[in-house]
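Asks: Could you look at this predicted model? Sequence included:
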Amino acid sequence: MVQFLGSIIYIYIDFPEEKIKSIKLYNLLGVLLKEQKSNKTSVDISSLPQGIYLLSIETDETVIAKKIVKQ
């Protein structure tokens with residue numbers, strides 16, 4: 001699950017045995033804006049302007065893609 005509060009995106013994995021390998025944030029043109037390669041479960045997007053972004057979360061088992069709208 002992805003929860004967006006203010007300028008921080010919180011990521012919750014339904015299966016606690018899965019570890020987050022990387023989190024990537026892209027604009028709609030596919031340009032990589034942020035990348036975290038750790039087991040952190042939040043991403044600060046306060047420096048980004050309002051818009052629509054694509055969030056890619058890679059775990060040990062899968063890749064999850066979510067659309068994020070920053071207002």
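Replies: Cool, got the structure.
Asks: Excluding chain neighbours, give the residue nearest to the spatially most central residue of the chain in space.
Replies: Most central residue of the chain, judged by C-alpha distance to the mean C-alpha position with C-alpha atoms, centre = their mean, is Leu55 at 4.2 Å. If the residues on either side of it in the chain are set aside, Leu55 comes closest to Lys66, at 4.6 Å by C-beta to C-beta, 6 or more residues apart in numbering. For the C-beta atoms, the positions are set from N, CA and C on the backbone; glycine is no exception.
Asks: Report how many residues lie close to Ile57.
Replies: Per other C-beta atoms under 10 Å, the neighbour tally for Ile57 reads 21.
Asks: In its sheet, which strands sit next to the helix or strand hosting it, and in what direction?
Replies: For Ile57, the element it lies in under DSSP states H and E is strand 51-59. If you go by DSSP bridges, strand 51-59 pairs up with strand 20-27 (antiparallel), strand 63-70 (antiparallel).
Asks: most tightly surrounded among these?
Replies: Among the strands paired with strand 51-59, judged by mean count of other C-beta atoms under 10 Å, the one packed with the most neighbours on average is strand 20-27 (a mean of 17).
Asks: Which SSE is immediately downstream of it?
Replies: Read in the C-terminal direction, the helix or strand following strand 20-27 is strand 32-36, with elements assigned using DSSP H and E.
Asks: Following the chain past that next one, name the next helix or strand.
Replies: Toward the C-terminus from strand 32-36 - assigned by DSSP H and E - lies strand 42-44.
Asks: Mind listing the strands that following strand pairs with, and their directions?
Replies: In its sheet, and by DSSP bridges, strand 42-44 pairs with strand 8-11 (antiparallel).
Asks: then the strand it pairs with to CSV, C-alphas only?
Replies: Output for strand 8-11, consisting of C-alpha atoms alone and laid out as CSV, is shown next (Å, rounded to 0.1, in the frame of the first residue of the first chain):
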residue,chain,number,x,y,z
ILE,A,8,6.2,12.3,1.9
ILE,A,9,5.1,9.0,0.4
TYR,A,10,4.9,6.1,2.8
ILE,A,11,5.1,2.6,1.5
